[in-house]
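Asks: With the input below, show me the fold.
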Amino acid sequence: MKPFTERVVKIIQSIPSGKVMTYGQIASLAGSPRAARQVVRILHSMSEKYKLPWHRVLNSKGEIGFRDEEHVMIQRLCLEAEGVHFIGKNRIRLEEYLYLSEHIH
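Replies: Below is the predicted model of the structure:
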């Protein structure tokens, strides 16, 4: 596994229940601030193998990034089960639920 990928996996694994991180935030912490799309690919290809809490990763607006209604609903239900409240259909208040980088070692 490449070092960037390894860092991304560890960061995602560190997100606690009831908190979220953004794709860009994860990319920056992993050392490549412009690699948000790569974080998406890592989540897509490695979530099952590494049991990543994929549902805790949102876009920079605090929105669920999926276009598919079924995936949106699954992610929303997973987050709601952890106590995350939504504004409208698929958005949360990032300032309330964002997991900040100083918590990550």
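
Asks: tell me the helices in the protein, going along the chain?
Replies: In the chain, helices defined by DSSP state H lie at 3-13, 23-29, 36-50, 69-81, 94-97, listed in chain order.

Asks: most tightly surrounded among the ones you listed?
Replies: A comparison of the helices of the chain by mean neighbour count, using mean count of other C-beta atoms under 10 Å, puts helix 23-29 on top with a mean of 21. For the C-beta atoms, the positions are set from N, CA and C on the backbone; glycine is no exception.

Asks: Kindly export it (C-alpha atoms) in PDB.
Replies: The C-alpha trace of helix 23-29 is given here as PDB (Å, rounded to 0.1, in the frame of the first residue of the first chain):
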ATOM      1  CA  TYR A  23     -12.700  14.300   1.700                       C
ATOM      2  CA  GLY A  24     -10.500  17.300   1.400                       C
ATOM      3  CA  GLN A  25      -9.700  17.400   5.100                       C
ATOM      4  CA  ILE A  26      -8.600  13.800   5.000                       C
ATOM      5  CA  ALA A  27      -6.500  14.400   1.900                       C
ATOM      6  CA  SER A  28      -4.800  17.400   3.600                       C
ATOM      7  CA  LEU A  29      -4.100  15.400   6.800                       C
END
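
Asks: With distance to Leu58 and mean pLDDT added, can I get the helices of the chain in a markdown table?
Replies: Listed next are the helices of the chain as a markdown table, based on distance: least, C-beta to C-beta, whole Å; pLDDT from 0 to 100:
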| stretch | distance to Leu58 | mean pLDDT |
| --- | --- | --- |
| helix 3-13 | 12 | 97 |
| helix 23-29 | 8 | 97 |
| helix 36-50 | 11 | 96 |
| helix 69-81 | 8 | 96 |
| helix 94-97 | 8 | 96 |
